[in-house]
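> Structure for this input, please:
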Amino acid sequence: MSMRNILPILLASDINVYSMARAFHEAYGLRSLVLTKQMAGPIDHSRILDAVVIPDFDTTDVFLTALNKVYEQHRDKTRILIGCADHYVRLIVENKAGLAEKFILPYADKSVLDKIILKENFYRLCDTYGLDYARTYIYKQGTPLDFALDLQFPVVLKPSDSVSYNRCVFPGQYKVYFIRDRKTLEETLSRIYRHGYRDNMIIQEEVPGHDSAMYDLHVYTGKDHKVKLMSMGNVLLEEHTPKGLGSNAAALVSCQEPIMQKVRHLLEDIKFEGLCDCDLKFDSRDGKIKIFEINIRQGRSHYRVTAAGDNLAAYLVNDYILNKPLAFKMARDDFFWHVIPRRLVYRYIGDEEKKAKIRELVKAGKSARSLYYKKDLNLKRRLFLFLRDLNQFRKYKRHFTDRYRQ
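I've put the predicted structure just below:
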């Protein structure tokens with residue numbers, strides 16, 4: 001078949017979306033169709049995608065109506081649907097029976113995803129497969145705030161169900177909360193539930209360490225439920241804005257085979273399918289890498305995988321459209337990825353050896369930035385990227401605190 005007949009349909013409007021559109025364009029010269037409820041800088045003024053803004057696109061009725069319209073308009077195309085945010089993946093999976101007749105859906109069934117979406121289910125799987133994680137308490141709505149907590153402060157507080165949590169918008173809302181004392185914990189729990197969140201909250205002992213103790217594992221699992229590709233990165237720096245906490249800003253490829261094999265066995269045993277992204281952190285207290293979660297879609301740093309030589313769009317096309325056999329691969333070659341200016345990375349990571357490694361890789365041409373695509377740098381995009389870089393300096397100056405320094 002002609003590659004020009006493929007239509008990638010990407011849902012959302014952030015760096016994740018642009019990175020996937022870039023992967024399809026690099027591999028096949030394809031222009032992706034992006035559906036989103038609001039326009040955002042990463043996809044604006046791009047020549048490698050067509051963006052359609054649909055108000056309330058994250059509600060089921062509007063979502064299905066819009067996709068049915070796309071189907072009718074592009075019946076002659078081979079349509080592959082890719083969610084680039086958790087809530088869009090959830091909508092795809094919840095409506096998989098009807099959508100599967102019209103689109104290629106690289107996703108497992110809801111019963112499989114529920115095993116890892118809800119944190120309490122996921123941590124039970126971790127126990128089964130020998131994956132270490134921080135000491136955890138699961139707080140259920142309605143539990144008296146004076147509950148017994150056998151954890152040492154500081155703790156990390158995060159929602160069990162991030163999709164429903166993100167639908168609750170309120171002042172002082174964070175993606176995750178780093179909490180120093182019991183009083184703050186109780187106040188934060190009260191505020192979260194007062195603003196409409198109804199699911200469980202996860203309380204974990206904080207794993208100490210700078211951002212550079214974090215790891216990020218991208219995995220592609222084929223339609224045969226066998227893992228095909230694993231690429232692990234050592235995060236050098238994260239974002240530190242309230243809504244961006246935990247989002248990777250710079251990373252180096254770092255193969256950690258023992259824990260990667262454990263994740264591989266877990267995903268294959270539960271019959272996972274498609275792309276996922278794992279968040280982990282090295283705990284210097286016991287020398288173990290501890291897993292926090294598995295996200296049911298590719299992470300925002302997934303262009304690191306494509307730029308290093310393993311194009312994720314090609315994996316999807318070869319598997320779901322061309323039906324080519326795919327061998328297992330564990331990425332090992334050094335590579336540096338970043339979405340912020342290198343000057344910020346050098347300023348905040350505090351590790352001279354890693355700084356030297358970055359300089360070496362940049363000099364060797366083994367580095368990339370997700371948004372800087374030479375085939376998509378018209379004047380308006382150049383201006384956006386320039387202003388975005390300037391804003392990153394302001395953001396780190398305002399939000400980066402001594403708590404994160406080594």
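
> Now do the residue sitting furthest away from the middle of the chain against Glu186, distance only.
The outermost residue of the chain, judged against the average C-alpha position, is Asp146 (34.4 Å), by Cα atoms, centre = their mean. Distance of Asp146 to Glu186, computed by Cβ to Cβ, to the nearest Å: 8 Å. For glycine as for every other residue, the C-beta is placed from the backbone atoms N, C-alpha and C.

> ok, now Val112?
Counting by Cβ to Cβ - Val112 and Glu186 are separated by 36 Å.

> Pick out whichever of those two has more residues nearby.
Shown here are Val112 and Glu186; by other Cβ atoms under 10 Å, Val112 has more neighbours (18 against 15).

> does the more buried one count as helix, strand or coil?
For Val112, the assignment made with DSSP: H, G, I helix; E, B strand; the rest coil gives helix.

> what does the domain assignment say about the protein?
Segmentation of the chain into domains, based on automatic domain parsing, reads 3-107, 135-205, 211-404.

> what about this structure, any weak spots by pLDDT?
Applying pLDDT under 70 to the chain flags residues 1, 402-406.

> and the residue positioned nearest the centre of the chain, what does it touch?
The residue lying closest to the centre of the chain (Cα atoms, centre = their mean) is Gly299, at 2.4 Å. For Gly299, the contact set (Cβ atoms under 8 Å, 6 or more residues apart in numbering) comprises Asn16, Asp216, His218, Asn248, Asp277.

> Against which helices or strands is the biggest helix by length in the chain packed?
As assigned by DSSP state H, the longest helix anywhere in the chain is helix 379-399. Judged by 3 or more Cβ pairs under 8 Å, 6 or more residues apart in numbering; DSSP states H and E, the packing partners of helix 379-399 are helix 342-349.

> Kindly calculate the angle that the helix it packs on makes with helix 379-399.
On the basis of axes from the mean of the first three to the mean of the last three Cα atoms, to 10 degrees, helix 342-349 is oriented at 20 degrees to helix 379-399.

> who touches the next helix or strand after helix 342-349?
For helix 342-349, the following helix or strand on the C-terminal side (DSSP states H and E) is helix 352-363. Applying Cβ under 8 Å, 6+ apart, the contact partners of helix 352-363 are Ser212, Leu236, Leu252, Asp334, Phe335, Phe336, Arg342, Val345, Tyr346, Ile349, Ser367.

> In this structure the fifth one contacts Gly365, no?
Read that as Phe335. No - the criterion here is Cβ atoms under 8 Å, and Phe335 misses it with Gly365 at 10.2 Å.

> So which of these two has more stuff around it?
More neighbours surround Phe335 than the other of Phe335 and Gly365, with 21 against 7 (other Cβ under 10 Å).

> who's in contact with that one?
Phe335 neighbours (Cβ under 8 Å, 6+ apart): Leu252, Val253, Arg304, Ala307, Ala308, Leu361, Lys366, Ser367, Ala368.

> what about 7 Å?
When contacts are counted by Cβ atoms under 7 Å, 6 or more residues apart in numbering, Phe335 touches Val253, Arg304, Ala307, Ala308, Leu361, Lys366, Ser367.

> what does Ser301 give?
Here Ser301 is in contact with Asp216, Gly233, Asn248, Ala251, Trp337 (Cβ under 7 Å, 6+ apart).

> May I see the buried residues of the lengthiest strand in the chain?
Counting by DSSP state E, the longest strand found in the chain is strand 227-238. Neighbour counts over strand 227-238 (16 or more other Cβ atoms under 10 Å) mark Val227, Lys228, Leu229, Met230, Ser231, Met232, Gly233, Asn234, Val235, Leu236, Leu237, Glu238 as buried.
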